[in-house]
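Engineer: Pasted the sequence and its predicted model underneath.
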Amino acid sequence: MKTVFESPRALSDVPLHYCPGCTHGIVHRLVAEVIDELGIENRTVGVAPVGCSVFAYNYFECDMIQAAHGRAPAVATGVKRTHPDSVVFTYQGDGDLAAIGTAETVHASTRGENITIIFINNAIYGMTGGQMAPTTIPGQVTTTSPYGRDRSIQGSPIKVCEMLSTLDGVALAARTAVDNPKNVISTKKMIKKAFENQLEGKGLSIVEILSTCPTNWGMTPKAALEWLRENMTTYYPLGVYKDAEAIR
Amino acid sequence: MSKKVLMKGNEAIAEAAIASGCLHYFGYPITPQTEISEYLAKRMPKVGGLCLQAESEVAAINMVMGAAAAGSRVLTSSSSPGISLKSEGISYIAGCDLPCLIVNVQRGGPGLGGIQPSQSDYYQATRGVGHGDLRLIVLAPSSVQEMASLTMEAFDLGDTYRMPVMLLADGALGQMMEPVDFDAFQKRDVPDKMWAANGHGGKRKKNIINSLYIDPKELEDSVVERYEKYSRIEKNEVKYEEFMTDDAEIVLVAFGITARICKSAVAAAREAGIKLGLLRPITLWPFPKDAVSSIADKAKAIISVEMSMGQMIDDVRLAADGKCPVYFYGRTGGMIPSVEAIFDRAKEISESI
């Protein structure tokens, strides 16, 4: 019998804790597929964040480290600088990467740390139950912006890829989504490139993936995907913001 | 024949780290310890190591966490306000059972405080560095030689017990120059780091470095297990020095640079016919409780002498357990106690008891 579908080796065979309709599962699978295809599981170290994906250390078959909130790029720096032959990736959400960990994100980027960052942007704090994120879009209702995010009060969201693309140390900054099969395929291509860049020593690569949070957005999974297309991809246009040649 | 080198205390720490096989340093500049970074910035590239200046103390300690998690010997250093910033990372490092060395060359506080020497981070080091049930092994050097030898000892202790160790120095020790012998140190055999997360190589199951336990019973079990390790350390690793305590009626308890000043006060008191002695804790945690308790059995009074408003005195009182009165003398804010002032305090107490 011919195998037509199987689970990636690098993805642990355990139930994921994510809510129905959440896109973390898709992205986990894509990362694991890329690790398999590049044959790097043996030397990969993943760094899990604080947030919904805190348990990522249980979901990948490579060595894993759970970092403090926002500090994953610094922890990854420590691993990569002391073990340059390892392949190091962080997996972070928007609160982790773009609020409490902004300094670590920006400085790992500007140093051109030779690591890969998988950045899940779902415009909300998921684990703590739907509070405003640094990426919550103007007008979006959350439990801490109950009247909608008001720029005059809560300021404007951070466009991470646009910001990081200005830094010399960044090899790749790309924004994708996993809202349809075509975008899933292009997301995987970007994740693969982000790991390949590391293998080629090109510097920091970040793939920002627009994701849904049906539970905290208060929508069905299908409505959440539609909301993402209508609201998030307009505020956060998909595309490659930086794709530099070797810069170090 | 071993060779002695004249060095600043801060430089002695840096060179001792290299001598211990620590080839990775992450830090952020802050007075009065910046010579450690500067020295390592010069030396590390020449020995195949790395000295990386982080964007913050927070980032530096998390780089330390990554390096330690991957199994490398690793050092960071700072001074008081910087250690406050590192506290979060130190808690995670303790919760993940990772070895590393954190050097605190103390200055006065609170807040930005000052840049002169202080010992006012005693509470922080022995009680409050990071959230949760945790301990650090805390070593208190009192000479440039000890800045070196306790640095080397700290790495071995950390690897032996799989936990963070703090070297609690002060600005005076950091800045002063004395001869150092880097060979005057007995290395320990330390266990292999089979737990490290640096790529499983297809040869073992994956390693996870983690401090999260959602199930409270599992968290309790992990903390209780760590406390069993702490008990072994309290039993096996206490270090202190006694100076003229045999017949002493009054005993000073002091650590670090203050203990040096106290030794002179003891000599002066002896000349004046006052039976003064000194107990110098070298490990602040584990604190030399039994040694203080024995002193309390035979002495008429104990004086805790500190460069703070009185922090170690709590441990001294707990150990003395009411068996003899415990007095205090201290200066703070970067002021250094004088030999005369300590002598006067001892004389005043000897006349009142």
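Structural biologist: Received the coordinates, thanks.
Engineer: C-alpha from now on. contacts and neighbour counts both.
Structural biologist: Fine.
Engineer: how about the strands in chain A?
Structural biologist: If DSSP state E is used as the criterion, the strands of chain A fall at A:44-48, A:63-66, A:87-93, A:116-121, A:170-177, A:204-210, A:239-243.
Engineer: Quick one: name the residues of chain A near chain B.
Structural biologist: A:41-45, A:57, A:61-68, A:71-72, A:74-79, A:81-83, A:86, A:103-104, A:107 (C-alpha under 8 Å from any C-alpha of the partner chain).
Engineer: so which of the strands of chain A gets nearest A:P157?
Structural biologist: Between A:P157 and the strands of chain A, the shortest gap by C-alpha to C-alpha is with strand A:116-121, which sits at 11.3 Å.
Engineer: Helices along chain B, start to end?
Structural biologist: B:9-19, B:34-43, B:57-69, B:80-95, B:122-123, B:144-161, B:171-175, B:216-236, B:256-271, B:289-298, B:312-320, B:339-352 (DSSP state H).
Engineer: Now the third one: average pLDDT?
Structural biologist: If I follow you right, that is helix B:57-69. Taken as a whole, helix B:57-69 has a mean pLDDT of 98.
Engineer: hang on, the earlier thing: can you pick out the ones from the residues of chain A next to chain B that are in helices?
Structural biologist: With helices taken from DSSP H, the overlap with the residues of chain A next to chain B comprises A:A72, A:A74, A:V75, A:A76, A:T77, A:G78, A:V79, A:R81, A:T82, A:A103, A:E104, A:H107.
Engineer: Buried among the residues of chain A next to chain B? Need that as a selection in PyMOL.
Structural biologist: Entered in PyMOL, the line below selects the buried ones among those, by 16 or more other C-alpha atoms under 10 Å in any protein chain shown:
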select buried, chain A and resi 41+42+43+44+45+57+61+62+63+64+65+66+67+68+71+72+74+75+76+77+78+79+81+82+83+86+103+104+107
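Engineer: circling back to that earlier point, in TSV: the strands of chain A, plus distance to B:G277 and mean pLDDT.
Structural biologist: What follows is the strands of chain A, written out as TSV (distance: least, C-alpha to C-alpha, whole Å; pLDDT from 0 to 100):
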stretch	distance to B:G277	mean pLDDT
strand A:44-48	53	98
strand A:63-66	49	98
strand A:87-93	55	98
strand A:116-121	59	98
strand A:170-177	62	98
strand A:204-210	59	98
strand A:239-243	69	97
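Engineer: Need those in a markdown table (columns: distance to B:L173).
Structural biologist: Listed next are those as a markdown table, based on distance: least, C-alpha to C-alpha, whole Å:
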| stretch | distance to B:L173 |
| --- | --- |
| strand A:44-48 | 38 |
| strand A:63-66 | 36 |
| strand A:87-93 | 39 |
| strand A:116-121 | 42 |
| strand A:170-177 | 42 |
| strand A:204-210 | 40 |
| strand A:239-243 | 49 |
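Engineer: and the helices of chain B, which is most packed in?
Structural biologist: Each of those was assessed for mean neighbour count using mean count of other C-alpha atoms under 10 Å in any protein chain shown. The highest is helix B:57-69, with a mean of 31.
Engineer: to the chain's geometric centre, what's the distance from it?
Structural biologist: Helix B:57-69 has its C-alpha centroid displaced from the chain centroid by 19 Å (C-alpha atoms, centre = their mean, to the nearest Å).
Engineer: do that helix and chain A meet at all?
Structural biologist: Yes - part of helix B:57-69 sits close enough to chain A to count as contact by C-alpha under 8 Å from any C-alpha, namely B:A59, B:A60, B:N62, B:M63, B:V64, B:M65, B:G66, B:A67, B:A68, B:A69.
Engineer: quick revisit: now for the strands of chain A, which one comes closest to B:T245?
Structural biologist: Among these, strand A:63-66 comes nearest to B:T245, with 49.0 Å by C-alpha to C-alpha.
Engineer: And the closest one, what does it pack against?
Structural biologist: Contacts defined by 3 or more C-alpha pairs under 8 Å, 6 or more residues apart in numbering or on different chains; DSSP states H and E place strand A:63-66 against strand A:44-48, strand B:208-209.
Engineer: Could you list the low-pLDDT ranges of the chain?
Structural biologist: Chain wasn't specified; assuming chain A. Where chain A drops to pLDDT under 70, the residues are A:245-248.
Engineer: not quite, I wanted chain B
Structural biologist: Along chain B, the model assigns pLDDT under 70 to residues B:1.
Engineer: please redo it, this time with the cut-off set to 90
Structural biologist: Within chain B, the segments meeting pLDDT under 90 span B:1-3, B:128, B:184-186, B:353.
Engineer: Farthest from the middle of it: give me that residue.
Structural biologist: What lies farthest from the middle of chain B is B:G202; by C-alpha atoms, centre = their mean that is 39.3 Å.
Engineer: Would you mind confirming that it is in contact with A:I40?
Structural biologist: No - with contact taken as C-alpha atoms under 8 Å, B:G202 and A:I40 are classed as non-touching, separated by 10.2 Å.
Engineer: re earlier: most tightly surrounded among the helices and strands packed on strand A:63-66?
Structural biologist: Sort the helices and strands packed on strand A:63-66 by mean neighbour count, taking mean count of other C-alpha under 10 Å, and strand A:44-48 sits at the top with a mean of 29.
Engineer: For B:R107, grab the count of nearby residues.
Structural biologist: The number of residues packed near B:R107 is 30, by other C-alpha atoms under 10 Å in any protein chain shown.
Engineer: Run through the residues that contact the closest residue to B:D246 other than its chain neighbours.
Structural biologist: Distance criterion C-alpha to C-alpha, 6 or more residues apart in numbering or on different chains; nearest residue to B:D246, sequence neighbours excluded, is B:G277 at 7.9 Å. B:G277 makes contacts with B:E242, B:F243, B:M244, B:T245, B:D246, B:A248, B:E249, B:I250, B:V251, B:L252, B:V266, as judged by C-alpha atoms under 8 Å, 6 or more residues apart in numbering or on different chains.
Engineer: Repeat that for A:I26.
Structural biologist: A:I26 is in contact with A:V178, counting by C-alpha under 8 Å, 6+ apart.
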